[in-house]
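Undergrad: Would you be able to build a 3D model of this:
(2 chains)
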There are 2 protein chains.
Amino acid sequence: MDDVTMVSVAELGRMVESIFMRAGFNAQQADAIARIITAAERDGAKSHGIYRIEGCLRTLAAGKVSSGARPELIDEGSAVIRVAADGGFSPAAFELGLPALAGRAEKLGLAALVINDCVHFSALWPEVEAVASRGLAGLAMCPSYAAVAPAGGTQPLLGTNPIAFGWPRSGAAPYVFDFATSCVARGEIELLARAGEPLPEGWALDAEGAPTTDAEAALSGAMLPFGGHKGSAISTMVELLAGVMIGDLTSQGALAELGTLDLAPKHGELILAFSPARFAAGRPGDPLARAEALFDAILGQGARLPGQRRLAARARSEAEGIALNAEELALIDRLQRDGLAALG
Amino acid sequence: MDDVTMVSVAELGRMVESIFMRAGFNAQQADAIARIITAAERDGAKSHGIYRIEGCLRTLAAGKVSSGARPELIDEGSAVIRVAADGGFSPAAFELGLPALAGRAEKLGLAALVINDCVHFSALWPEVEAVASRGLAGLAMCPSYAAVAPAGGTQPLLGTNPIAFGWPRSGAAPYVFDFATSCVARGEIELLARAGEPLPEGWALDAEGAPTTDAEAALSGAMLPFGGHKGSAISTMVELLAGVMIGDLTSQGALAELGTLDLAPKHGELILAFSPARFAAGRPGDPLARAEALFDAILGQGARLPGQRRLAARARSEAEGIALNAEELALIDRLQRDGLAALG
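TA: Next up is the predicted model:
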């Protein structure tokens, strides 16, 4: 722990933004990406923090994301707001669409934000948290790339297809969950493969479609959905709503277009926003207060709310800064200085 | 199999309707209940078929449902259509709200139907199937009554909280899934308790909150959510969106009001409808054709689509009629003749 350097959240944000500017992204893209990566690092979500920078830059180097993308808002006054991401990363598209989404949900009670043609590397929780911070409930989902077999199947077809949900709380950070509809994230299997350790039963199939606990065999086979046929059904719903319905790529299409699991995939995203004030209008009880009673009942029996660990890490980061080790600092330095050439 | 009588779907519908009329339900209630119970029996979904009739009548006898309920449509032109179910069973409320929901989803791209103050005994798949039959995607959810502990908890708090989803298919019955967010339906634990058989690990807790494989102990304890903390999070979302947000009872509130798990609970329901035509407008590809390609890919690797068994039973029932055994026919006869007095 000797060689750890503390940087403030704002400082890390500026460092990450300068990396993306140096690599050639326009300010709108660099700013939004930096905010999302810094938020993950701040919350101790290392798998979506500065660890992601290199993958984003490699995606640019491979010509698979547009550094100059200018997302465009398309709003015809219905319950569906659309942002054409112009081949850029998703965060700038989301930031452009959020105010319109929130306004429409407040007006109509319910609205959807569709993001099309974006390249996706980020977790969904920052988005539903942003929706919930405006007093709305948010439900977000997107495909990824084909790496998961449907329950009862043998081959990769579905993505790890995350689903995230946020609920507003007064005087506290929103209630937020965000999880892959696969048993685990692919990264966890990669870590076990590197360590030469076996997988638990039920996580994966080998290339022939047979159940395996061999991590290497799993990486050339398929992951399985969480929760058996139920999780598989939810993952299929994500393909339908956030791929097919919004006229964007499914996980299979995204993999076919990209040809690798090592770069960020291009597809769309669907975010629903609900106004509890509108939905509960004229009914007994305040929905926010009633939700607190539910959270209290969950906590009161010793269960946890999702995201508690993340919020604790956030509080620490905001009070004490974010700890970066020598290797992380060196990487950031190199990327700030040399841009894409630093990728080697 | 000697004493089996075949009745047509229409015939069974009339028999069930006459039972509910005889028990005192108005024609709107009796008609809608009969349609939903008959559809379940037709599809081989015995647990929601004529088996449910007695429970519905006992709920009436206990004064926990209104036999004369007249659901009322409340439509202020937003994306949220509301039906006040007036303390009646949910099917009549849903039938009243469906055309308005579909019309609004076609107009705005996305709409919600909120049902308040209904008594609930039915599966959700007939509802999302009805939404999908109008060319829309449907997502339905509702609480039930506190019988499930949150992951990491010890006491019943959440309901079995079903989620159902439907997607329209041209030339075929809609793609539909419908499942409890608990590990299993409570009925399955009751069956194992009666048979004196143990439960699989991970299904339930005893009254002290400790894991148990004893079915009797589980019935006085709590079930567990499917899929660990992920299923628990989804179940919590159902409480928030389809209980708290719509200003209706949570599963804990529904149990507190009813005081028993043996009658049908009173709460609300949330049904979302999405127009794929609107969501996909201006984008490449026809969403219905693209969905078929996804279904083909699932089936092509030997996995099943949800509901295949149900649809096969439906085809048989429509061709050959529904098989009722002597006991079932005798029950129907008695209920048609004696009404609530037949309950004993």
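Undergrad: Could you name the specific helix or strand carrying residue A:96?
TA: helix A:90-108 (DSSP states H and E).
Undergrad: Quick one: mean pLDDT for the next helix or strand after that helix?
TA: As assigned by DSSP H and E, the chain's next helix or strand after helix A:90-108 is strand A:110-119. The average pLDDT for strand A:110-119 rounds to 98.
Undergrad: which residues of the stretch 51-200 of chain A fall in strands?
TA: In the stretch 51-200 of chain A, the strands defined using DSSP state E, counting those that start in this stretch lie at A:72-75, A:80-84, A:110-119, A:137-141, A:163-167, A:175-179.
Undergrad: just checking, what packs against the first one?
TA: Of the remaining helices and strands, those touching strand A:72-75 by 3 or more C-beta pairs under 8 Å, 6 or more residues apart in numbering or on different chains; DSSP states H and E are strand A:80-84, helix A:90-108. Using the backbone N, CA and C atoms, a C-beta is placed for each residue, glycine as well.
Undergrad: if you set the cut-off to 10 Å instead, what comes out?
TA: strand A:80-84, helix A:90-108, strand A:110-119 (3 or more C-beta pairs under 10 Å, 6 or more residues apart in numbering or on different chains; DSSP states H and E).
Undergrad: Could you confirm whether any residue of the first one contacts chain B?
TA: Yes: when contact is scored as C-beta under 10 Å from any C-beta of the partner chain, part of strand A:80-84 falls within range of chain B: A:80-82, A:84.
Undergrad: next one: the second one
TA: Yes: using C-beta under 10 Å from any C-beta as the criterion, contacts between helix A:90-108 and chain B involve A:104-105, A:107-108.
Undergrad: neighbour-wise, which of the residues you listed leads?
TA: residue A:105 (27 neighbours; other C-beta atoms under 10 Å in any protein chain shown).
Undergrad: Per-residue pLDDT of it, please?
TA: For residue A:105, the model assigns a pLDDT of 98.
Undergrad: That one touches residue A:131, doesn't it?
TA: Yes: in this structure, residue A:105 is within contact of residue A:131 by C-beta atoms under 10 Å, at 8.3 Å.
Undergrad: hey, what's in contact with both of the two?
TA: Both residue A:105 and residue A:131 are in contact with A:113, A:137-138, A:272-274, where contact means C-beta atoms under 10 Å, 6 or more residues apart in numbering or on different chains.
Undergrad: Just list the residues touching the residue positioned nearest the centre of chain A, thanks.
TA: Closest to where the C-alpha atoms of chain A average out (C-alpha atoms, centre = their mean) is residue A:123, at 1.6 Å. By C-beta under 10 Å, 6+ apart, the contact set of residue A:123 is A:36, A:39-40, A:43, A:45, A:47-49, A:52, A:140, A:162, A:164, A:178-180, A:310.
Undergrad: Can you give me the separation between it and chain B?
TA: 15 Å (C-beta to the nearest C-beta, to the nearest Å).
Undergrad: gap between that residue and residue B:108?
TA: 29 Å (C-beta to C-beta, to the nearest Å).
Undergrad: And the helix or strand of chain A with the lowest mean pLDDT, what's buried?
TA: Every helix and strand in chain A was compared by mean pLDDT, DSSP states H and E; the lowest is helix A:186-195, with a mean of 89. Neighbour-count burial for helix A:186-195 flags A:186, A:188-189, A:192-193 (criterion: 16 or more other C-beta atoms under 10 Å in any protein chain shown).
Undergrad: Among these, which one sits closest to residue A:250?
TA: Closest approach to residue A:250 among the buried residues of helix A:186-195 (C-beta to C-beta): residue A:186, at 17.4 Å.
Undergrad: Touching, residue A:231 and residue A:202? I think so.
TA: No: counting by C-beta under 10 Å, residue A:231 sits too far from residue A:202 to count as a contact (11.2 Å).
Undergrad: Nothing else from me, thank you.
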